[in-house]
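Enquirer: Could you work out the structure for the sequence below:
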Amino acid sequence: MRIGLVGYGKGGRFFHAPLISSLPGATFVGVVTRSAERRQQLASDHPDAQAFDTLEQLVAAGVDAVVVSTPLDGRPAIVMQAIELGVAVVSDKPFAPDAAQAEAMVLAAERRNVPLSVYQNRRWDSDFLTLRKLLASGALGQVIRFESSVERYSPTSVGKGSGGGFLRDLGSHLVDQALQLFGPVTRVYAELDYRQPGQVFDNGFFISLTHASGVISHLSGNCVQNAPRPRFRVNGTQGCYTVEGLDGQEAQALAGLSPATEGERWGAEEHRRWGWFEHGTERERVTSERGCWLTFYQRLQTALQGAGPLPVEARDALATTRVLDAARQSAEQGEVVCLSTPIGHGTKNE
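Expert: The predicted model follows:
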């Protein structure tokens, strides 16, 4: 399988290229970028990968799929261009600035019968995989409240709009995970945090989702938080699961590591980062599953060979975008948004 990449900023360089180049049975063909600096980085990082001026040149070189990892404002247009060229495409997240643009891409791909997936890599985080295993075993009993948070102290991120603000960028992961775990939502309430006067893009958010299943999800993110909440706190009738900190794959990728260089060490969490199961006075460590973002690309490979579903369905990303739109509406109007038709994912990919 031959895979190309559009964009070699932080996302393309650290969160896509190392995985594509680590994928057995695949060739990392090259990157569309006109930046001299990024071309130099590409030549240093992946000497066998070619730099291209345009998407048409990349496709003409022969690719089975293209991955689009460019800033959000121009990303849908590039995804649409790839669809019109008839090549399978992976869009980075967030999928689109709003549901109308998301739906346009989904319908175009369906009309052209072009595979379209969205890079929701955090479905394969260590902590999320561990939580899925706990839920499948019934260890927590019936879940009542799901709390999911990613908070960090990064003042330089305040007001940055490349991902559409923190709600759109980070919220796309947290909403996707909540819909995967607990199904469609019927009510959305949200609050947005703006640190500076006149700031266009938020630097923090809180979302409350009421699922049709009865579970309440509280999702939050912030880039100027000195004392972060737990990554997950999941309360059930038979106990509570908590885990601190972020999955380690991000730090590994930013350090220049990859599944190819690390082997079994990639995605493996040190035992001091494992979470806890608590029930009354009972408290015990929960061994973390090994995280594996490479699974996304392995499943993409399988899907394009006709042997399985796409790793993330485009309509799942559309549903997530609709929930994010409802969250922004709620925050702007200061009210709960009630959905006439529950919004959720069509499949629950394990």
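Enquirer: what's around residue 48, how many residues?
Expert: When neighbours are counted by other Cβ atoms under 10 Å, residue 48 registers 10. For glycine as for every other residue, the C-beta is placed from the backbone atoms N, C-alpha and C.
Enquirer: State the distance from it to residue 341.
Expert: Residue 48 sits 49 Å away from residue 341, going by Cβ to Cβ, to the nearest Å.
Enquirer: Equivalent analysis for residue 307, please.
Expert: Note on residue 307: its distance to residue 341, by Cβ to Cβ, is 33 Å.
Enquirer: Could you do residue 279 as well?
Expert: Applying Cβ to Cβ, the value for residue 279 to residue 341 is 37 Å.
Enquirer: Which one's more surrounded, these two?
Expert: Each of residue 279 and residue 341 has its neighbours counted (other Cβ under 10 Å); residue 279 has more, 15 against 8.
Enquirer: Tell me who's in contact with that one.
Expert: 238-240 (Cβ atoms under 8 Å, 6 or more residues apart in numbering).
Enquirer: List only buried entries from those.
Expert: 239-240 (16 or more other Cβ atoms under 10 Å).
Enquirer: which one of the contacts of residue 279 is nearest residue 199?
Expert: Nearest to residue 199 out of the contacts of residue 279 is residue 240 (Cβ to Cβ; 35.7 Å).
Enquirer: Quickly list what that closest one is bridged to.
Expert: Applying DSSP bridges to residue 240 yields these beta-bridge partners: residue 235, residue 278.
Enquirer: show me the contacts for the residue positioned nearest the centre of the chain.
Expert: The centroid of the chain falls nearest to residue 120 when counting by Cα atoms, centre = their mean (3.1 Å). Applying Cβ under 8 Å, 6+ apart, we find residue 120 in contact with 93, 172-173, 176, 296, 312, 316-317.
Enquirer: Pick the one among the contacts of residue 279 closest to residue 195.
Expert: If you rank the contacts of residue 279 by distance to residue 195 using Cβ to Cβ, residue 240 comes first, at 31.9 Å.
Enquirer: And that closest one, how close does it get to residue 117?
Expert: Distance check for residue 240 against residue 117: by Cβ to Cβ, it reads 34 Å.
Enquirer: likewise residue 287?
Expert: 30 Å.
Enquirer: same deal with residue 1?
Expert: With Cβ to Cβ as the criterion, residue 1 and residue 117 are 14 Å apart.
Enquirer: Between these two, tell me which one has more neighbours.
Expert: Set residue 1 next to residue 117 and count neighbours by other Cβ under 10 Å: residue 117 wins out with 25 against 18.
Enquirer: from what I can see residue 233 touches residue 143, true?
Expert: No. Judged on Cβ atoms under 8 Å, residue 233 makes no contact with residue 143 at a distance of 11.3 Å.
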